[in-house]
Structure formats: C-alpha cells, structure tokens
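A.B. asks: requesting a structural model of the entry that follows:
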Amino acid sequence: MHNWARYLIFFQYIGTKYSGAVKVPPHQVKRKGIQDHLEDAIRRLRPVNPVSLTVSSRTDTGVHALSNSAHFDLQRSNNKLPFPEDILVKALNYHLGSEQIRVTRAHRVPDNFHARFHAKTRTYVYRIALGFPHHCQLPLTDHNLCWNIRNTELDMGAMRQAAALLVGTHNFSSFRAINSDMPFKNPVKTLDVVDIQPGSSFAHAHFHRDIPIWELTFRSKSFLYKQVRRMTGALVAVGQGRLSVPQLKDIMEAQDSVAYPQAMAAPAHGLFLTRVDYRDTDLQLPQQSSEEQLSSTGNTDD
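C.D. replies: Next up is the predicted model:
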C-alpha cells in the first residue's frame with residue numbers, strides 16, 4: 001500500500017512526571033507513560049490503522065532520555081502519501097504540546113524493522129553532584145537531573161578499579177531487580193563501556209559556585225531491569241568506602257539479586273538514556289516506487 005509506512009522516531013524527555021517510557025495500564029490514571037503521550041499525538045494525525053508504538057528502551061519512572069527510539073506504522077486515509085520525515089516530526093511535536101517530550105528526528109524504515117530488536121547498542125549516563133548538603137542548593141537546571149551526594153570527594157581510583165570488573169561478558173543476576181519479566185531475561189550481558197569522567201552542571205557558566213559533577217557511562221546491547229542504577233549505586237558505595245572492590249566482585253560472582261545490598265541502588269532521577277544506535281543497513285529502505293519518492297520530497301497533502 002503506497003499510503004502505508006513504518007517510521008523510526010528518536011525522542012527525548014524529562015522523565016520526572018511520567019510513569020516510565022512505556023504505556024501504563026488503563027486503570028492507572030495518575031501518571032501516564034511516555035508511550036501514552038506519543039501514541040495520543042500519532043492518533044491526532046488521523047491514521048486509518050490502530051496506533052501501536054514499540055519503544056526500544058523501557059526506561060523506569062523518573063529516568064530521563066536524550067535519545068530513546070520507537071517504531072510505528074502509519075496508514076493515511078484517502079490514498080494520501082506517507083508523511084515526509086520532517087513534516088512528521090513537526091506534527092508530532094505540535095500535538096505533544098507542553099509535555100516534556102520532544103521528537104528529534106524520524107526515518108522511514110523497512111516493513112520488518114524493529115526498534116527494540118534491531119538496536120545495536122544503548123548508552124546510559126548517570127550524573128552525580130558532590131558536596132551539596134541539600135538538593136535545593138543545586139541550580140534549577142540540575143534539580144531532579146542528577147544524584148546529589150553530600151560527600152565532597154569520592155575515591156575515583158577505587159571506583160574505576162571496580163568499574164573494570166563490570167566490563168565484558170558476565171552474569172549480572174546480582175545487579176537486576178526482581179520483576180515479572182525476570183524468568184524470561186537472559187542475565188548474561190556484555191558491557192562494552194563502563195567509564196567514569198568529570199562532567200559539568202547544565203548551568204556551570206552562570207551559577208555562583210562550582211558544582212563538582214561526575215558522569216558514569218554504560219554501553220551495552222541491552223540491560224537488565226534497573227541494572228544501571230544498581231551498578232551505579234555499588235560503584236558509588238566503593239567510592240565512599242562503604243564497599244570494597246573485592247566485596248563488589250563477590251556480589252557479582254554470587255549471581256543472585258538477593259546478594260545485592262538493600263537500599264544501595266542509585267535513584268532514578270540521575271539517569272539519562274543518551275543513545276540508541278542502529279546499523280545503517282537496517283535503516284535502509286528497499287528501492288522506492290516513483291510515487292513514494294515524491295512523498296520524500298514533500299509533495300503530499302496534510
């Protein structure tokens with residue numbers, strides 16, 4: 001059908017007021033998920049087909065994203081040609097209104113493309129602010145966008161030594177939280193990157209005092225439920241001297257979520273999903289018909 005298309009969209013959001021990236025059950029009306037709002041915006045484009053968005057990365061309540069992704073199918077009525085990608089981005093953002101969600105780009109992709117299963121890597125960054133007795137002393141630009149720790153110093157050498165233990169292929173059962181998907185998820189994951197580097201406040205050039213910010217970067221094809229937050233919490237505990245590097249190794253080798261100390265996981269609000277990467281070949285459309293090529297140049301009805 002020449003008026004049917006599958007799209008991959010990339011989108012960002014401040015996750016503070018949302019119930020995670022995916023949709024919530026109909027009876028839960030207090031908070032919607034990011035997916036709920038995106039699907040509402042797609043419906044306002046008046047597609048013929050039922051709207052169903054497949055999100056690549058299921059970030060938890062309160063977690064933010066600079067670049068999450070999802071795919072969906074859209075068939076327009078009255079034989080209208082598919083939306084050009086730039087028009088689709090503008091239309092979705094218009095219908096998202098004042099929500100703290102923005103679509104950054106869109107791509108027409110092959111009919112069998114899957115945003116979740118075709119993802120090559122996912123990158124998370126966890127932001128930590130040091131030396132503030134209370135979070136209200138942070139600039140507003142960083143409030144609820146980092147983990148405020150009262151310590152003025154962390155032992156970065158010990159943290160990097162501990163981080164090196166996490167790199168590579170391991171059974172990460174000790175670093176996953178229990179949920180309904182647990183029996184169906186392979187706990188063996190390969191972490192390509194676990195890196196700890198200085199960062200900066202979003203207001204560093206204008207705030208009245210220096211704000212020591214550290215960023216922990218994690219990259220893998222996929223992660224277990226709350227794995228990044230639990231790894232971050234353990235690394236910070238090593239930096240504070242509450243956990244030794246050998247103890248962290250023992251926790252990982254236990255391969256049991258019960259081995260992870262209670263209340264050690266980092267809070268959600270410091271975590272950002274920053275990238276979801278795909279192979280270029282997976283995004284390439286087959287040879288388009290001349291009529292479809294017209295649509296990609298913007299010759300379409302609204």
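A.B. asks: endpoints of stretch 27-43, how far apart?
C.D. replies: With C-alpha to C-alpha, to the nearest Å applied, stretch 27-43 spans 20 Å between its terminal residues.
A.B. asks: cool, stretch 237-252 as well?
C.D. replies: For stretch 237-252, the first and last residues are 14 Å from each other (C-alpha to C-alpha).
A.B. asks: which parts of it are buried?
C.D. replies: Residues of stretch 237-252 classed as buried by neighbour count (16 or more other C-beta atoms under 10 Å): 237, 238, 239, 243, 248, 251, 252. From N, CA and C alone the C-beta is placed, and that goes for glycine too.
A.B. asks: which pair in the residues you listed spans the largest distance?
C.D. replies: The span of the buried residues of stretch 237-252, defined through C-beta to C-beta, is set by 239 and 252 at 16.9 Å.
A.B. asks: residues near residue 119, how many?
C.D. replies: 19 (other C-beta atoms under 10 Å).
A.B. asks: now do stretch 192-204: distance from first to last residue.
C.D. replies: Length of stretch 192-204, first residue to last, C-alpha to C-alpha: 30 Å.
A.B. asks: remind me which residues of the protein are low pLDDT?
C.D. replies: Filtered on pLDDT under 70, the chain yields the residue ranges 1, 29, 133, 180-184, 288-302.
A.B. asks: repeat the analysis, applying 50 as the threshold.
C.D. replies: Along the chain, the model assigns pLDDT under 50 to residues 289-291, 293-302.
A.B. asks: in it, which spans are strands?
C.D. replies: Using DSSP state E, the strands of the chain run over residues 4-13, 54-55, 64-75, 101-109, 121-130, 147-149, 168-171, 188-198, 213-220, 271-277.
A.B. asks: just checking, what packs against the third one?
C.D. replies: Spelled out, it's strand 64-75. Here strand 64-75 touches strand 4-13, helix 34-43, strand 54-55, strand 271-277, going by 3 or more C-beta pairs under 8 Å, 6 or more residues apart in numbering; DSSP states H and E.
A.B. asks: let's see that with 6 Å instead.
C.D. replies: Contacts defined by 3 or more C-beta pairs under 6 Å, 6 or more residues apart in numbering; DSSP states H and E place strand 64-75 against strand 4-13, strand 54-55, strand 271-277.
A.B. asks: with just CA atoms, put that strand into CSV.
C.D. replies: Written as CSV, here are the backbone C-alpha positions of strand 64-75 (Å, rounded to 0.1, in the frame of the first residue of the first chain):
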residue,chain,number,x,y,z
HIS,A,64,15.3,10.8,31.5
ALA,A,65,16.3,10.4,27.9
LEU,A,66,18.2,12.5,25.4
SER,A,67,17.6,9.9,22.7
ASN,A,68,15.2,7.0,23.1
SER,A,69,13.6,5.4,20.0
ALA,A,70,10.5,3.6,18.8
HIS,A,71,8.8,2.4,15.6
PHE,A,72,5.2,2.5,14.5
ASP,A,73,3.1,2.0,11.4
LEU,A,74,1.0,4.8,9.9
GLN,A,75,-1.5,4.5,7.0
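A.B. asks: what residues does that strand touch?
C.D. replies: Residues from elsewhere that reach strand 64-75 (C-beta atoms under 6 Å, 6 or more residues apart in numbering): 3-6, 8-15, 47-49, 53-57, 59, 115, 272-276.
A.B. asks: show the buried residues in these.
C.D. replies: 3, 5-6, 8-15, 47, 53-57, 59, 115, 272-276.
A.B. asks: of the buried residues of stretch 237-252, closest to residue 102?
C.D. replies: Nearest to residue 102 among the buried residues of stretch 237-252 is residue 239, at 33.9 Å by C-beta to C-beta.
A.B. asks: would you mind measuring from the residue nearest to the closest one when sequence neighbours are not counted to residue 94?
C.D. replies: Nearest-residue entry for residue 239: residue 154, 3.3 Å, with adjacent residues in sequence omitted and distances by C-beta to C-beta, 6 or more residues apart in numbering. For residue 154, the distance to residue 94 (C-beta to C-beta, to the nearest Å) stands at 44 Å.
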